[in-house]
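Participant: With the input below, show me the fold.
(one chain, ligands or ions: 1)
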Amino acid sequence: MKFKVTCLQMDIAFGDPIKNYQHAEKLIETAMKDNPDIIVLPELWTTGYDLTRLDTIADKNAETTIEFLKKAAKKHQVHFVGGSVANRVEQGVKNTLLIINNEGKLVQKYSKLHLFKLMDEHLYLEAGEKTGLFELENRNFGGVICYDIRFPEWIRAHTVSGAEALFVVAEWPAPRLSHWRSLLIARAIENQCFVIACNRSGSDPNNEFAGHSMIIDPWGEVIAEAGANEEILSAEIKLDLVKEIRKQIPIFEDRRPDLY
Ligand SMILES: NC(=O)CCC(=O)C(=O)O
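Facilitator: As a prediction, this is how the structure comes out:
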């Protein structure tokens with residue numbers, strides 16, 4: 001089974017959800033010319049990292065963003081790994097990834113587990129509590145957010161539970177581009193899974209972002225990589241390759257969870 005996946009590596013207007021919805025809508029229209037099966041958006045794409053103004057700009061229960069994505073999913077009959085959104089819930093604001101299927105149904109919400117202190121997330125956001133496992137067309141996937149990729153045991157929790165591809169949504173700054181690339185390739189090799197990673201481009205008052213969204217196969221080969229600027233990046237992922245590679249080097253059989 002194969003899926004065409006498309007990352008919308010977009011620039012994000014700081015603290016301006018209306019502008020970002022309009023911009024995303026245009027990018028989705030353009031991306032659809034290539035007939036993708038799954039469209040991926042970056043982390044916090046409606047607000048950027050405007051954390052001090054979350055009181056006014058966070059999306060209550062992510063309702064507006066869910067509606068936006070549901071409408072686009074139904075119109076274009078495409079699945080969305082709909083990036084993450086500043087999601088106002090009872091306990092505070094979470095950084096929540098939204099998965100909407102091509103019938104316009106919300107199939108999963110995953111809130112970022114590891115908050116990134118270097119960008120003050122711990123001061124403004126609440127951490128999530130469960131995995132980002134989800135199913136589309138009866139295949140198993142995992143979804144995580146940016147800093148989460150520094151925690152191999154968290155990614156492993158998704159692949160031992162059956163994920164064949166890992167989606168990563170991010171706002172990863174340019175000075176750590178080499179970490180971004182190495183960590184994503186390592187996660188693909190050690191988990192023998194596809195990695196589809198959508199970063200943002202552009203800058204905000206505090207950071208310049210790296211771009212370089214990547215689509216990596218389960219052997220660790222980069223099958224598509226964006227540059228630093230805004231770009232729509234697509235590739236086909238053939239999920240049967242996961243089984244082949246896991247048969248060739250059977251790390252899931254050989255690991256020793258009795259000792260570690
Ligand atoms: N938005 C993030 O989680 C950024 C993570 C990051 O930059 C890192 O180095 O890790």
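Participant: Pull up the residues of the stretch 51-200 of the chain that are close to the ligand.
Facilitator: Residues of the stretch 51-200 of the chain lying near the ligand by Cβ under 6 Å from any ligand atom: Phe116, Met119, Cys146, Tyr147, Arg150, Glu171, Trp172, Pro173, Arg176, His179. In short, each C-beta sits where N, CA and C put it, glycine included.
Participant: what ranges do the helices span in the stretch 151-260 of the chain?
Facilitator: Ranges of helices within the stretch 151-260 of the chain are 152-160, 177-191, 240-248, 251-254, based on DSSP state H, counting those that start in this stretch.
Participant: Using TSV, lay out these together with mean pLDDT.
Facilitator: What follows is the helices of the stretch 151-260 of the chain, written out as TSV (pLDDT from 0 to 100):
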stretch	mean pLDDT
helix 152-160	98
helix 177-191	98
helix 240-248	98
helix 251-254	98
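Participant: Can you redo those as JSON lines, where the extra columns are mean neighbour count?
Facilitator: Shown next, in JSON lines, are the helices of the stretch 151-260 of the chain (neighbours: other Cβ atoms under 10 Å):
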{"stretch": "helix 152-160", "mean neighbour count": "17"}
{"stretch": "helix 177-191", "mean neighbour count": "19"}
{"stretch": "helix 240-248", "mean neighbour count": "14"}
{"stretch": "helix 251-254", "mean neighbour count": "10"}
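Participant: Adding distance to Gln108, write those out as a markdown table.
Facilitator: Formatted as a markdown table, those follow (distance: least, Cβ to Cβ, whole Å):
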| stretch | distance to Gln108 |
| --- | --- |
| helix 152-160 | 12 |
| helix 177-191 | 19 |
| helix 240-248 | 20 |
| helix 251-254 | 23 |
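Participant: Out of these, flag the one nearest Gly83.
Facilitator: When the helices of the stretch 151-260 of the chain are compared by Cβ to Cβ, helix 177-191 sits nearest Gly83, at 16.6 Å.
Participant: what about the helix or strand of the chain with the lowest mean pLDDT, distance to the chain center?
Facilitator: Within the chain, no helix or strand scores below helix 54-57, which has a mean of 95 by mean pLDDT, DSSP states H and E. For helix 54-57, the separation from the chain centroid amounts to 23 Å (computed by Cα atoms, centre = their mean, to the nearest Å).
Participant: CA-only coordinates of it, as PDB, when you get a sec.
Facilitator: What follows is helix 54-57 as a C-alpha-only set of coordinates in PDB (Å, rounded to 0.1, in the frame of the first residue of the first chain):
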ATOM      1  CA  LEU A  54      -2.100  32.800  24.100                       C
ATOM      2  CA  ASP A  55      -4.900  34.300  26.300                       C
ATOM      3  CA  THR A  56      -6.300  36.000  23.200                       C
ATOM      4  CA  ILE A  57      -5.100  33.800  20.300                       C
END
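Participant: In the sheet, which strands lie alongside whichever helix or strand comes after that helix, parallel or antiparallel?
Facilitator: Per DSSP states H and E, the first helix or strand lying C-terminal to helix 54-57 is strand 59-60. Applying DSSP bridges, strand 59-60 is found paired with strand 79-89 (parallel).
Participant: Which strand or helix spans Lys26?
Facilitator: Here Lys26 sits within helix 17-32, counting by DSSP H and E.
Participant: Which elements pack onto that helix?
Facilitator: strand 2-9, helix 63-76, strand 231-238 (3 or more Cβ pairs under 8 Å, 6 or more residues apart in numbering; DSSP states H and E).
Participant: Please state the mean pLDDT value computed over the helix or strand that that helix is followed by.
Facilitator: Next along the chain after helix 17-32, taking DSSP H and E as the criterion, comes strand 38-40. Strand 38-40 comes out with an average pLDDT of 98.
Participant: residue nearest the centroid of this protein?
Facilitator: Taking Cα atoms, centre = their mean as the criterion, Val169 is the residue nearest the geometric centre of the chain, at 2.5 Å.
Participant: Next, the contact list for that residue, please.
Facilitator: Val169 makes contact with 40-43, 81, 83-84, 97, 143, 145-146, 197-198, according to Cβ atoms under 8 Å, 6 or more residues apart in numbering.
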